[in-house]
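Visitor: Let's see this in three dimensions:
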Amino acid sequence: MKQLTVTLPDEFYDSFIAFFKHIPDVTIAEKKESEVPLWQQELVLERIKNAKPEDYISWEESKKILDAKWLK
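Guide: Reported below is the predicted structural model:
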């Protein structure tokens, strides 16, 4: 048996699934990827580009702040 990974446009998805559902021994495993929208990717990249070194804090400092907030 062979395995196939297919990426298709949303408008073809239902037809594709309907066609292959009726073939014996075919297993359809859907993998839903959580995509980050382009506008959000651009926003994050812009923030990274404009960040100053003093805007960053270490993981240890971040953990202390989070612990103080959530582990009271």
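Visitor: do you know how far residue 31 is from residue 15?
Guide: Distance of residue 31 to residue 15, given as CB to CB, to the nearest Å: 19 Å. Just so you know, the C-beta spots here come from the backbone N, C-alpha and C atoms, and that holds for glycine as well.
Visitor: where does the protein dip in pLDDT?
Guide: Along the chain, no part satisfies pLDDT under 70.
Visitor: and with 90 instead?
Guide: 1-8, 10, 13, 16-38, 53-56, 71-72 (pLDDT under 90).
Visitor: For it, which segments count as helices?
Guide: Taking DSSP state H, the helices of the chain run over residues 10-21, 38-50, 59-70.
Visitor: on that earlier part again, give me the more crowded residue out of residue 31 and residue 15.
Guide: Neighbour tally, residue 31 and residue 15, criterion other CB atoms under 10 Å: the higher count belongs to residue 15, 10 against 5.
Visitor: any idea how far the residue nearest the centre of the chain lies from residue 44?
Guide: In the chain, the residue lying closest to the centroid (CA atoms, centre = their mean) is residue 34, at 3.2 Å. Remark: distance between residue 34 and residue 44 (CB to CB) = 15 Å.
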